[in-house]
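Colleague: Take a look and give me a structure for this.
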Amino acid sequence: MSPTKTMTKTKTIKASDKLPPNPFIHEILELVSKQRTKAKKVEILKEYSTEALKVLFIWNFDDTVISVVPEGDVPYKENEVPVGTDHTSLRREYKHLYNFVKGGNDTLSSLRRETMFIQILEGLHPEEAKVLCLVKDKALQSKYKVTYENVKEAYPDIQWGGRS
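Modeller: Below you'll find the predicted structure:
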């Protein structure tokens, strides 16, 4: 008699696995994080390239982009309605992010800027809001396994530096 082996299957997401059309930013970042090689990470970043994703990467990785929203935890209430009913996404809201960096809209008062930031967070899918909070503190790589080198290779069109 041969010994019986118990094998457990672990689900691994391959680069060939597809996200739904117009995925949330956090879904793209999670898929990138699960890839084991730099080439696969770059491939996923290229496949799901959006302006919103590029803007977030620039804010996160470019040292010349200076956040004018206070660092640390943001006092906002997570949007708890079911997904698909009353959430907005970073894919739609990224056009307003210039308000939260130096040189973007310096006419805003700190109170107005912080109120706007909280309003955006409260309208976003909870995971999207977490991504935005990480980006504002330049800490995206603390949760997701994506590096400046991955982004630079995937998006050679991004001009780095000279923004503030």
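
Colleague: can we go C-alpha only for contacts and neighbour counts from here?
Modeller: Noted.

Colleague: Now for the residue most central in space within the chain, which secondary structure element holds it?
Modeller: In the chain, the centroid-proximal residue (Cα atoms, centre = their mean) is residue 131; its distance is 4.6 Å. Residue 131 is part of helix 126-136, with elements assigned from DSSP states H and E.

Colleague: Give me the helices and strands touching that helix, please.
Modeller: Applying 3 or more Cα pairs under 8 Å, 6 or more residues apart in numbering; DSSP states H and E, one finds that helix 126-136 makes contact with helix 25-33, helix 51-61, helix 110-123.

Colleague: between the first one and helix 51-61, how many degrees?
Modeller: Right, the one you point to is helix 25-33. 70 degrees (axes from the mean of the first three to the mean of the last three Cα atoms, to 10 degrees).

Colleague: For whichever helix or strand comes after helix 25-33, give the mean pLDDT please.
Modeller: The helix or strand immediately downstream of helix 25-33 is helix 38-47, counting by DSSP H and E. Averaged across helix 38-47, the pLDDT comes to 96.

Colleague: centre of the chain versus helix 38-47, how much separation?
Modeller: 15 Å (Cα atoms, centre = their mean, to the nearest Å).

Colleague: Tell me what angle it forms with helix 25-33.
Modeller: 160 degrees.

Colleague: List the buried residues in helix 38-47.
Modeller: Burial within helix 38-47, assessed by neighbour count using 16 or more other Cα atoms under 10 Å, is assigned to 40, 41, 42, 43, 44, 45.

Colleague: before we move on, the earlier item: nearest to residue 163 among the helices and strands packed on helix 126-136 would be which one?
Modeller: helix 51-61 (9.8 Å; Cα to Cα).
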